[in-house]
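Chemist: sequence first, predicted coordinates after that:
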Amino acid sequence: LLGSLLAGAAASMTQLILFRAIQGIGAGGLFALSFIIIGDIVSPRERGKYQGLFGAVWGVSSVAGPLLGGFFADQGEILGITGWRWIFYINIPFGILALLVTSSVLHIPRANVKHAIDYLGALFMVIGVAAILLAISVTGPVDGWLHPYTLSYFAIAILFTALFIWWESKVEEPLLPLRLFKNHTFSLTSAIGFIIGAGMFGAIVLLPLYMQVNLQYTPSEAGIRLIPMMLGIVAMAVTSGRLISKTGKYKRFPVAGMVVLIIAMGLFTTINKEMPYWQLAIYAMLMGMGVGLSMQTIVIALQNDVEYRDMGVATSSNTFFRSLGASFGTAIFGTVLTNRFVSEIESNLPAGSAPDAILGVTENTAIIATLPAEIQQLIFTSFDRAFSLVFWIALPLIVIGFLLTTRLRERPLRESIDRQTIE
């Protein structure tokens, strides 16, 4: 709530970034806690239908967020406040309502256990992840991959990742216990979660951009046209969750989900401006179905295979790897898209045209309407090719995810919660 309030009131980009970081701290904890709480009060056998509902809610939110964001961005002012600020202010009433509901109806078992928070490990991890993201998404594409800034960021990332691993092996209560990686299911589900995050969020970020550039939709119109993806997520998350609780079998669902994702990625490589929206909607729905079949089912497999004392950190780690995949996917796919688009424009631009103005269309799509028809067609063709390349690159990543899901070990889902006393 505090992060949303401050971000909405930000007076500069620096302030907005800082306040978004505060908002992310709270959101990151809430996202992981929802799955942890279900694991704490519901047995693994019954957990599927509840986590399926959570997955459905998450799917709706992931698509409704860009939709509402696009709507607010299109508004000049709402109640005397600049439209984009409502992207953050809208969280406040929902957050207060959620706080009141959970305070009144959520009653979970309590255990008085003293823990030490691994602040230093968290610092090392944040610096390492931030440095590599800056290298991949900012300095590399802008300044060059061999530029001193880019190389420095990579060096910082390697250094602090090494420090994080070293510290986690020494500290008494590590942020991410390295012993968990000896667990076959934990290692596999972490890698699968990373891949799902990269594939899904890359699509959620890039599809609206494609619709705004090549199909000339407004931000809110592009958000509305993501609804088929949301429907796919909701339908498969709920269905797979109920079937898991009914049959006690879970491995088949992430395997099937990865197959569907492979099909969706393959179809998206054929995307072009002439493609009718209904066809694009089918592709988006298939992608949503793949995510819905995979996302919450790997959490069920993970929670069923780790000890009760490790369930919280294992679940939050899985969420972390999925979020990390989303960050890497967005950064890498965005970089590939931009670089290929720039390359196509520069190699095909007619003599006498100003390349700098044309290259700004991804930041301001309104520019396209002011350009000559010949240049507009060049932009559309270049963006088609760039977008297709992104999905060709994503396709082998999803294939790796499929191979990993086939190695999951199907274990009987426990009928009870094996709580242990932790000292």
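Modeler: Arrived safely. Residues are numbered from 1 along each chain as shown.

Chemist: chain center to whatever helix or strand residue 69 lives in, what's the gap?
Modeler: Take DSSP states H and E as the rule and residue 69 turns out to sit in helix 44-74. Relative to the chain's own centre, helix 44-74 is displaced by 12 Å; criterion: Cα atoms, centre = their mean, to the nearest Å.

Chemist: show me what it is packed against.
Modeler: On a contact count with 3 or more Cβ pairs under 8 Å, 6 or more residues apart in numbering; DSSP states H and E, helix 44-74 meets helix 13-41, helix 86-89, helix 184-213, helix 219-224, helix 227-247, helix 277-305. Bear in mind the C-beta positions are built from the backbone N, C-alpha and C, glycine included.

Chemist: now mean pLDDT too, for the ones you listed, in a markdown table please.
Modeler: Compiled in a markdown table, the helices and strands packed on helix 44-74 are given as follows (pLDDT from 0 to 100):
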| stretch | mean pLDDT |
| --- | --- |
| helix 13-41 | 74 |
| helix 86-89 | 82 |
| helix 184-213 | 82 |
| helix 219-224 | 76 |
| helix 227-247 | 85 |
| helix 277-305 | 86 |
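
Chemist: list the contacts of the closest residue to residue 77 other than its chain neighbours.
Modeler: The spatially closest residue to residue 77, leaving aside those adjacent along the chain, is residue 83, at 6.3 Å (Cβ to Cβ, 6 or more residues apart in numbering). Residues near residue 83 by Cβ atoms under 8 Å, 6 or more residues apart in numbering: 72, 73, 74, 75, 76, 77.

Chemist: how near is residue 83 to residue 3?
Modeler: Residue 83 sits 20 Å away from residue 3, going by Cβ to Cβ, to the nearest Å.

Chemist: same deal with residue 124?
Modeler: Distance, residue 124 to residue 3, using Cβ to Cβ: 23 Å.

Chemist: what do you get for residue 237?
Modeler: 27 Å.

Chemist: then residue 335?
Modeler: Residue 335 is 27 Å from residue 3, by Cβ to Cβ.

Chemist: tell me which of those two has more neighbours.
Modeler: Neighbour count, other Cβ atoms under 10 Å: between residue 335 and residue 3, residue 3 has more, with 20 against 17.

Chemist: so the more buried one sits against residue 30, correct?
Modeler: No: Residue 3 lies out of contact with residue 30 (Cβ atoms under 8 Å); the separation is 11.5 Å.

Chemist: follow-up on the earlier one: mind checking which of the helices and strands packed on helix 44-74 is nearest residue 174?
Modeler: helix 184-213 (14.1 Å; Cβ to Cβ).

Chemist: can you spell out which helices and strands pack onto the closest one?
Modeler: Using 3+ Cβ pairs under 8 Å, 6+ apart, helix 184-213 is in contact with helix 44-74, helix 219-224, helix 227-247, helix 252-268, helix 277-305, helix 311-348, helix 373-405.

Chemist: which one, of those helices, ends up nearest to residue 169?
Modeler: helix 311-348 (15.2 Å).

Chemist: quick check: buried residues in the closest one?
Modeler: 311-338, 340-342, 344-345 (16 or more other Cβ atoms under 10 Å).

Chemist: do the same with stretch 165-175
Modeler: Using 16+ other Cβ under 10 Å as the test for burial, stretch 165-175 gives 167, 168, 174, 175.

Chemist: do stretch 249-256 as well
Modeler: Those would be 250, 251, 252, 253, 254, 255, 256, for stretch 249-256 by 16+ other Cβ under 10 Å.

Chemist: now tabulate those in TSV and tack on distance to residue 140.
Modeler: Output for the buried residues of stretch 249-256, formatted as TSV (distance: Cβ to Cβ, whole Å):
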residue	distance to residue 140
250	39
251	38
252	40
253	37
254	32
255	35
256	36
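
Chemist: looking at these, which is nearest residue 144?
Modeler: Distance to residue 144 across the buried residues of stretch 249-256 (Cβ to Cβ) is lowest for residue 254, with 39.1 Å.

Chemist: so who does the closest one touch?
Modeler: Counting by Cβ under 8 Å, 6+ apart, residue 254 has contacts 192, 293, 294, 297, 298, 301, 405, 408.
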